[in-house]
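Asker: The amino acid sequence is not available; the structure is as follows:
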Ligand code: DGJ
């Protein structure tokens with residue numbers, strides 16, 4: 001017999017779900033003492049005059065068809081038909097603290113499977129939907145969002161805005177009427193709107209107040225909303241944002257949404273972050289082994305495109321001397337890449353720069369006891385490249401329209417099987433023929449008119465990016481990856497499942513980094529936050545900072561240096577050595593301990 005009321009319990013939280021006739025979260029918050037399903041009767045609400053004659057539940061799918069007038073959780077149609085589905089639960093199972101609810105609308109020919117998992121130790125609640133088309137004609141999906149109710153006292157919003165060089169800027173507002181909405185159509189999680197926000201009691205702070213955090217683990221287009229209904233109830237919605245016509249479900253085809261990660265804390269923002277951090281450490285982040293996070297040197301701001309293997313080897317020697325453990329050659333190593341206007345797509349070694357191949361540099365790096373890493377930007381193509389000249393049709397585009405370049409580049413259509421196979425072959429050559437331990441995977445352009453075979457394909461592009469990365473991870477399980485997109489343009493739990501580090505920002509100005517790193521720390525633990533000591537005079541802002549301020553700012557993450565150590569004077573070198581050593585002493589604690597932010 002199907003259970004109507006299911007109570008999920010974790011260390012400090014409860015989630016109570018009415019499964020039938022429709023899936024509805026009745027409660028998400030601190031542990032209830034002595035709860036019994038009969039108590040649910042007390043939640044019954046009177047029906048107000050001037051409204052529908054029934055009180056409508058806030059279902060997980062928030063169906064418009066029921067008479068919900070707010071933002072629907074599901075929108076779509078079958079050539080105009082079957083456009084207002086209502087789901088009725090047919091099955092509900094609980095296993096391993098995961099509730100799976102299957103519901104159908106036989107009239108509309110749709111099945112909806114909703115999964116809710118409450119992590120027993122960390123209290124993080126994961127939710128997602130899978131929608132299946134049961135009929136012969138295609139069903140066009142416009143929206144499929146997870147809907148989560150929050151109590152009326154969740155009145156304040158904290159969210160993050162930003163831009164290149166200024167990621168994770170926190171801002172706050174009070175919600176009294178209407179709602180708060182945050183969207184990205186940039187084809188990545190974006191610098192502008194990190195796919196997360198926090199609702200909380202008025203004046204919630206680092207230490208105090210009830211807060212409800214929500215994050216969408218997805219690296220593509222997204223929409224997050226918090227809405228106040230006119231009867232006072234409040235809901236959060238989180239979803240991948242689908243462009244018109246992007247998702248069509250043929251018979252028996254299904255669509256699974258990204259996971260939504262929600263965390264409640266009644267001990268303010270620190271409590272929420274600590275739950276997320278512990279959850280990620282236990283359940284999501286996969287390092288290639290359990291050694292300490294190696295200290296990096298990244299060549300980018302040291303030499304940019306000016307690659308000379310002899311000189312790079314000198315840099316490596318100096319790096320090892322100050323305590324660096326992983327040496328990463330950034331942009332500029334492949335054929336014709338002398339500046340940022342050409343060569344993306346031509347993933348062959350530049351033999352003019354490296355006449356003896358990469359091996360002498362790699363062997364030198366390894367002989368110094370360091371790991372070796374390299375930069376790639378596989379999803380992109382410069383119009384000035386051999387690849388583009390041979391395959392102009394491999395660009396992600398809609399026919400008949402011109403689109404602007406971004407950093408002089410277009411996006412490669414990963415849905416095009418030949419383009420995907422080419423990238424897989426070239427990256428497999430790179431990782432298979434060289435003893436490479438680490439890849440910095442960059443993505444420096446947004447998607448504009450992202451088309452495949454004449455239809456919009458941003459969502460499919462994100463899925464193919466995951467597939468490419470997953471295939472490489474299977475082939476080369478010892479290789480770790482960093483997610484970079486002009487700094488912090490692709491930071492989220494979807495990509496974190498597949499990578500081990502983020503390049504937080506192209507801004508190495510320690511003063512700016514304090515704010516950026518703080519913002520990121522709400523949802524990410526220090527060991528995945530790439531933080532580098534940059535030049536004394538920062539390249540992004542031209543501001544000057546002491547080595548002490550730069551060293552201490554880079555200390556609290558996955559540390560590195562990004563400069564030319566050959567040109568550094570003795571005081572600077574001594575500074576790098578000192579802060580790298582300090583980091584090595586402290587990283588066992590920093591990378592496993594509990595993070596506290598003060599006001
Ligand atoms: C943008 C990245 O954020 C930088 O760190 C660097 O890798 C450049 N791209 C290289 O083009």
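Answerer: Alright, I've got the coordinates. Fair warning: this is a prediction, and the values are worked out from it, not measured in the lab.
Asker: chain center to stretch 510-519: distance?
Answerer: 19 Å (C-alpha atoms, centre = their mean, to the nearest Å).
Asker: what's in contact with that stretch?
Answerer: Residues from elsewhere that reach stretch 510-519 (C-beta atoms under 8 Å, 6 or more residues apart in numbering): 160, 162, 165-170, 194, 488, 504-505, 507, 529, 531, 534, 538, 540-541, 543, 545, 549-550, 552-554, 556-557, 597. No exception for glycine: its C-beta is placed from N, CA and C like everyone else's.
Asker: can you map out the helices along the chain?
Answerer: Counting by DSSP state H, the chain has helices at residues 268-279, 300-303, 309-322, 359-367, 386-390, 417-433, 458-475, 493-496, 510-521, 547-555, 570-590.
Asker: If you compare the directions of the first one and helix 510-521, what angle comes out?
Answerer: This means helix 268-279. 70 degrees (axes from the mean of the first three to the mean of the last three C-alpha atoms, to 10 degrees).
Asker: Identify each buried residue in helix 268-279, please.
Answerer: 268-279 (16 or more other C-beta atoms under 10 Å).
Asker: now, among those residues, which is nearest to residue 187?
Answerer: residue 276 (25.0 Å; C-beta to C-beta).
Asker: List the contacts of the closest one.
Answerer: Residue 276 makes contacts with 122, 124, 213, 215, 261, 263, 522-524, as judged by C-beta under 8 Å, 6+ apart.
Asker: Make JSON lines out of these and add pLDDT, neighbour count and distance to residue 186.
Answerer: Formatted as JSON lines, those follow (pLDDT from 0 to 100; neighbours: other C-beta atoms under 10 Å; distance: C-beta to C-beta, whole Å):
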{"residue": "122", "pLDDT": "98", "neighbour count": "22", "distance to residue 186": "30"}
{"residue": "124", "pLDDT": "98", "neighbour count": "25", "distance to residue 186": "27"}
{"residue": "213", "pLDDT": "98", "neighbour count": "26", "distance to residue 186": "23"}
{"residue": "215", "pLDDT": "98", "neighbour count": "27", "distance to residue 186": "17"}
{"residue": "261", "pLDDT": "98", "neighbour count": "25", "distance to residue 186": "21"}
{"residue": "263", "pLDDT": "98", "neighbour count": "24", "distance to residue 186": "26"}
{"residue": "522", "pLDDT": "98", "neighbour count": "26", "distance to residue 186": "21"}
{"residue": "523", "pLDDT": "98", "neighbour count": "25", "distance to residue 186": "19"}
{"residue": "524", "pLDDT": "98", "neighbour count": "26", "distance to residue 186": "20"}
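Asker: just the residues you listed now: which is nearest residue 499?
Answerer: Nearest to residue 499 among the contacts of residue 276, with distances taken as C-beta to C-beta, is residue 524, at 11.8 Å.
Asker: My read is that that closest one contacts residue 284, right?
Answerer: No. Contact criterion C-beta atoms under 8 Å: residue 524 and residue 284 do not qualify, at 10.6 Å.
Asker: Quickly list what's touching both of these two.
Answerer: Counting by C-beta under 8 Å, 6+ apart, the residues touching both residue 524 and residue 284 are residue 496.
Asker: got JSON lines for the helices of the chain, with distance to residue 338 and mean pLDDT too?
Answerer: Formatted as JSON lines, those follow (distance: least, C-beta to C-beta, whole Å; pLDDT from 0 to 100):
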{"stretch": "helix 268-279", "distance to residue 338": "42", "mean pLDDT": "98"}
{"stretch": "helix 300-303", "distance to residue 338": "12", "mean pLDDT": "98"}
{"stretch": "helix 309-322", "distance to residue 338": "15", "mean pLDDT": "98"}
{"stretch": "helix 359-367", "distance to residue 338": "18", "mean pLDDT": "98"}
{"stretch": "helix 386-390", "distance to residue 338": "14", "mean pLDDT": "98"}
{"stretch": "helix 417-433", "distance to residue 338": "20", "mean pLDDT": "98"}
{"stretch": "helix 458-475", "distance to residue 338": "27", "mean pLDDT": "98"}
{"stretch": "helix 493-496", "distance to residue 338": "30", "mean pLDDT": "98"}
{"stretch": "helix 510-521", "distance to residue 338": "29", "mean pLDDT": "98"}
{"stretch": "helix 547-555", "distance to residue 338": "30", "mean pLDDT": "98"}
{"stretch": "helix 570-590", "distance to residue 338": "28", "mean pLDDT": "98"}
